[in-house]
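Undergrad: quick check, what structure comes out for this input:
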Amino acid sequence: MDAYRLTRRDALRAAGGVLGAVGTLALGARTARAEPWTWQADGSIAGTGSGADPLTVYDPEADQVVADVMDHEDVPAVNRLLATWVKNTQPLPAGLPKGLSDFIESARQLPAWTDQGKLAQAFEFNKKRGLYLGVLYAFDSGMMSTVIPHEARAVYYSRGGSHLKERISKTAKFGYDIGTVDAYGDTGEMIVTCVKTRIIHAAVRHLLPTSPQWPAGVIPISQDDIMVTWHSLATTIMRTLRSWNLQIPVAESDGYLHSWQLAAHFLGVRDEYIPNSWDQAEAQAVQVLDPIIAPTPEGNDLADQLLNLGEDLDLTLLSRGILGAFTRYILGDKIADWLAIPREPLWNPLLDVAWRPFVAVREGVESVIPPIDNAYWMFDEFLRQFALWYLAELRMPLSIEIPRTNR
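TA: Got it, this is the predicted structure:
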């Protein structure tokens with residue numbers, strides 16, 4: 001029992017930050033691509049595909065089932081039943097609409113390409129880097145979601161825009177679940193979280209077009225949208241870790257990728273769009289993520305809210321200024337300037353000089369932190385307070401539910 005508690009604690013630290021990644025639970029829509037779709041499906045998990053641009057592909061299996069539930073069933077009653085489904089292989093509650101129950105049973109099956117050895121290595125990756133991986137999820141991925149225009153607008157105008165803290169708590173659960181020791185196993189909850197999120201995506205596709213702020217005739221949450229958010233998480237995190245010159249064992253790197261490949265699959269992404277390697281992930285991200293990064297009024301408003309979220313707790317190292325400094329350090333000056341985040345006179349120089357050596361010590365690459373007064377303690381304390389904030393969010397009653405309204 002003590003060993004089990006320890007692994008869950010390690011996984012919790014590893015998950016500590018997807019809490020900022022609002023994009024995982026709500027996405028936007030684009031109707032055209034600046035350049036033709038050129039990524040080849042032979043670089044995917046499937047190894048082959050139709051060649052269709054994922055901008056034009058949605059999730060018809062989920063959409064039909066969820067639309068029927070929303071139009072003809074008692075949605076609050078369905079949500080109450082779904083709340084009792086917690087573990088991946090747990091029997092589904094009696095009383096769910098048959099179409100929904102049949103869909104979930106099919107959607108929660110592990111694909112044939114699941115590799116348990118790689119999943120074990122994924123846990124090692126998360127366990128070793130938990131202290132600062134959470135910061136990357138929050139400031140690399142979470143804040144990046146505010147400069148993905150279609151994603152930021154969808155979050156802003158859906159229910160999540162007016163219930164941002166609730167949405168972050170639910171996204172924190174996504175990050176916690178993918179980092180646990182048995183994430184996709186019998187005692188894990190990652191499949192449940194992904195399939196429920198897939199259901200929410202279908203609900204958003206059904207609801208959001210009814211919003212007066214949403215463009216007429218535009219369908220949100222294409223396969224491309226999901227992969228954009230996927231890259232803002234997995235690929236962006238790996239880019240940053242590599243830029244820090246971390247020596248990550250290949251098995252752990254591959255395992256981390258595999259955990260996110262499964263996440264994409266359970267979110268309803270076709271296997272033909274899921275990259276089969278980090279090189280292929282990078283090639284796809286260059287086409288689907290990098291060209292679309294830009295500021296929007298909606299994204300700036302969401303970023304402003306995210307920078308203020310630490311104020312609810314009496315944690316001095318989660319001030320708006322410090323959170324902004326980490327955002328600027330990790331995302332760079334261009335995006336920080338778009339978001340009107342000022343450069344902090346203390347924290348930004350300190351991060352520039354001491355953060356990478358701090359991480360190198362954590363990785364075991366170096367043994368001595370540079371002689372900068374209190375830098376090591378301040379970074380440790382920031383991460384400790386960040387974890388406390390995360391724990392406070394995760395203690396909230398969390399149930400990923402089918403929404404009934406927009407913003």
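
Undergrad: helix, strand, or coil at the nearest residue to Asp182 once chain neighbours are set aside?
TA: Using C-beta to C-beta, 6 or more residues apart in numbering and skipping the chain neighbours, the partner closest in space to Asp182 is Gly188 (4.2 Å). C-beta: built from backbone N, CA, C; applies to glycine. Recorded secondary structure, Gly188: coil (DSSP: H, G, I helix; E, B strand; the rest coil).

Undergrad: what about Gly188, how many residues nearby?
TA: 19 (other C-beta atoms under 10 Å).

Undergrad: kindly provide the distance from it to Ile330.
TA: Using C-beta to C-beta, to the nearest Å, we find Gly188 at a distance of 29 Å from Ile330.

Undergrad: what do you get for Asn308?
TA: The value you get for Asn308 to Ile330, if C-beta to C-beta is used, is 18 Å.

Undergrad: compare neighbour counts for these two and give me the winner.
TA: Comparing Asn308 with Ile330 by neighbour count (other C-beta under 10 Å), the higher total belongs to Ile330, at 22 against 13.

Undergrad: can you read off the pLDDT for the nearest residue to that one once chain neighbours are set aside?
TA: Nearest non-adjacent residue to Ile330, counting by C-beta to C-beta, 6+ apart: Phe139, 4.5 Å away. If you check Phe139, the pLDDT there is 76.

Undergrad: ok, Phe139 touching Arg328?
TA: No: judged on C-beta atoms under 8 Å, Phe139 makes no contact with Arg328 at a distance of 9.0 Å.

Undergrad: thinking again about what came up before, how about the residue nearest to Asp182, what does it touch?
TA: 87-88, 177, 180, 182 (C-beta atoms under 8 Å, 6 or more residues apart in numbering).

Undergrad: among the residues you listed, which ones are buried?
TA: 88, 177, 180, 182 (16 or more other C-beta atoms under 10 Å).

Undergrad: with secondary structure, distance to Ala264 and pLDDT added, can I get those in JSON lines?
TA: Converted to JSON lines, these look like this (DSSP: H, G, I helix; E, B strand; the rest coil; distance: C-beta to C-beta, whole Å; pLDDT from 0 to 100):
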{"residue": "Asn88", "secondary structure": "coil", "distance to Ala264": "17", "pLDDT": "97"}
{"residue": "Asp177", "secondary structure": "helix", "distance to Ala264": "15", "pLDDT": "84"}
{"residue": "Thr180", "secondary structure": "coil", "distance to Ala264": "18", "pLDDT": "86"}
{"residue": "Asp182", "secondary structure": "coil", "distance to Ala264": "19", "pLDDT": "94"}
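
Undergrad: residues near Ser101, how many?
TA: 16.

Undergrad: tell me the spacing between it and Glu272.
TA: Distance from Ser101 to Glu272, by C-beta to C-beta: 27 Å.

Undergrad: do Gln305 as well
TA: 36 Å.

Undergrad: so the two - more neighbours on which side?
TA: Neighbour totals were compared for Gln305 and Glu272, and Glu272 leads with 22 against 16 (other C-beta under 10 Å).

Undergrad: which ones are touching the closest residue in space to the more buried one that isn't next to it in sequence?
TA: Spatial nearest neighbour of Glu272, chain neighbours left out: Gly49 (2.9 Å); criterion: C-beta to C-beta, 6+ apart. By C-beta under 8 Å, 6+ apart, the contact list for Gly49 reads 41, 270, 272-273.

Undergrad: quick one: Gly49 from Asp337, how far?
TA: Shown here: Gly49 relative to Asp337, a distance of 39 Å by C-beta to C-beta.

Undergrad: list the buried residues of stretch 36-49.
TA: 39, 41, 43-46, 49.

Undergrad: just the CA trace of it, in CSV.
TA: Presented in CSV, the C-alpha positions along stretch 36-49 are these (Å, rounded to 0.1, in the frame of the first residue of the first chain):
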residue,chain,number,x,y,z
PRO,A,36,-2.6,22.2,-48.9
TRP,A,37,-2.6,19.2,-46.5
THR,A,38,0.7,17.4,-47.3
TRP,A,39,1.4,15.2,-44.2
GLN,A,40,1.6,11.6,-45.4
ALA,A,41,-0.3,8.8,-43.6
ASP,A,42,2.6,6.4,-44.0
GLY,A,43,4.0,8.4,-41.0
SER,A,44,1.0,7.5,-38.9
ILE,A,45,0.2,4.7,-36.5
ALA,A,46,-2.0,3.2,-39.1
GLY,A,47,0.7,3.4,-41.8
THR,A,48,-1.9,4.3,-44.4
GLY,A,49,-4.9,6.5,-44.8
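
Undergrad: from the chain's centre, how far out does it sit?
TA: 23 Å (C-alpha atoms, centre = their mean, to the nearest Å).

Undergrad: for Ala216, grab the count of nearby residues.
TA: By other C-beta under 10 Å, neighbour count at Ala216 equals 6.

Undergrad: so what's the residue nearest to it when sequence neighbours are not counted up against?
TA: Distances taken as C-beta to C-beta, 6+ apart put Pro209 closest to Ala216, at 7.8 Å, once the chain neighbours are dropped. Neighbouring residues of Pro209 by C-beta under 8 Å, 6+ apart: 216-220.
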